[in-house]
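# Sequence first, then the predicted structure, then my questions.
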Amino acid sequence: MERLSSRLSGVVLALIIAAAAFLAMGGALAQPAFAEDVVEFNEYVVDGNTYIALELAADDANGRVALTTAKKAAKVTLPAAVTLPDGKDYNVTGIGSGAFKETGTKTVIVKTKLLTKASDVRGSLKGSKVKTIKVSVGKESAKYVKKYKKIFTKANAGKKVTVK
């Protein structure tokens, strides 16, 4: 009985320490600065587009987000980064499956250089009206047009589009 009591005390102490550390780091359950901008836990609306946080931002580094639902507009811009209600910047590194479905979007202007692999855009154009992906990343646009032609394919993104 004494051994069980000692073990139980150790477990309780470990839980208390873990909870204190969790709260000291801000805790994942902390309320965002603007609750009306939150759609679901870790989902945020910025300029009409909905993003999900993939990695939280640190004081010295940007976090990562993926577009989950685009706004209803003929042209939608996928920025290089967005600022979430916590005031920190998050790099846009992905587009969720069906993100443009039923939005009426025909042109997507991509300003991020961080769509690096096929899985970053898998199924993103499925069921959409998107016809053109326009790459606009500054002087390196031609380089990224070549890269993005390889990942925005019908087999991967779910629809044949022109990448320019």
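Looks like it arrived, so ask away. Since we're looking at a predicted model, the values are computed, not measured. Residues are numbered from 1 along each chain as shown.
# Go ahead and confirm residue 120 touches residue 95.
Yes - under the contact definition of CB atoms under 8 Å, residue 120 touches residue 95, with a separation of 6.9 Å. No exception for glycine: its C-beta is placed from N, CA and C like everyone else's.
# Give me the common contacts of these two.
residue 66 (CB atoms under 8 Å, 6 or more residues apart in numbering).
# the more surrounded of those two?
Set residue 120 next to residue 95 and count neighbours by other CB atoms under 10 Å: residue 95 wins out with 25 against 18.
# what's the spacing between residue 146 and residue 157?
Using CB to CB, to the nearest Å, residue 146 is found at 16 Å from residue 157.
# Let me fix that, I meant to ask about residue 65.
Taking CB to CB, one finds residue 65 at 19 Å from residue 157.
# And for residue 89?
26 Å.
# higher neighbour count, these two?
residue 157 (26 against 15).
# What backbone torsions are found at the more buried one?
Dihedral pair for residue 157: phi -80, psi -20, per degrees, to the nearest 10.
# residues contacting it?
Per CB under 8 Å, 6+ apart, neighbours of residue 157: 121, 122, 123, 124, 125, 126, 151.
# Now do residue 149: how many residues are near it, please.
So residue 149, with other CB under 10 Å, has 15 neighbours.
# That one is in contact with residue 162, isn't it?
No - using CB under 8 Å, residue 149 is not in contact with residue 162, being 9.3 Å away.
# Got the domain ranges for this protein?
Domains of the chain are assigned by automatic domain parsing as 1-30, 38-163.
# Pick out the shakiest of those, pLDDT-wise.
Of all those, mean pLDDT reaches its minimum on domain 1-30 (a mean of 48).
# who's in contact with the nearest residue to residue 56 once chain neighbours are set aside?
Excluding its sequence neighbours, the residue lying closest to residue 56 (CB to CB, 6 or more residues apart in numbering) is residue 63, at 5.0 Å. Contacts for residue 63 (CB under 8 Å, 6+ apart) come out as 53, 54, 55, 56, 57, 84, 88, 89, 90, 91.
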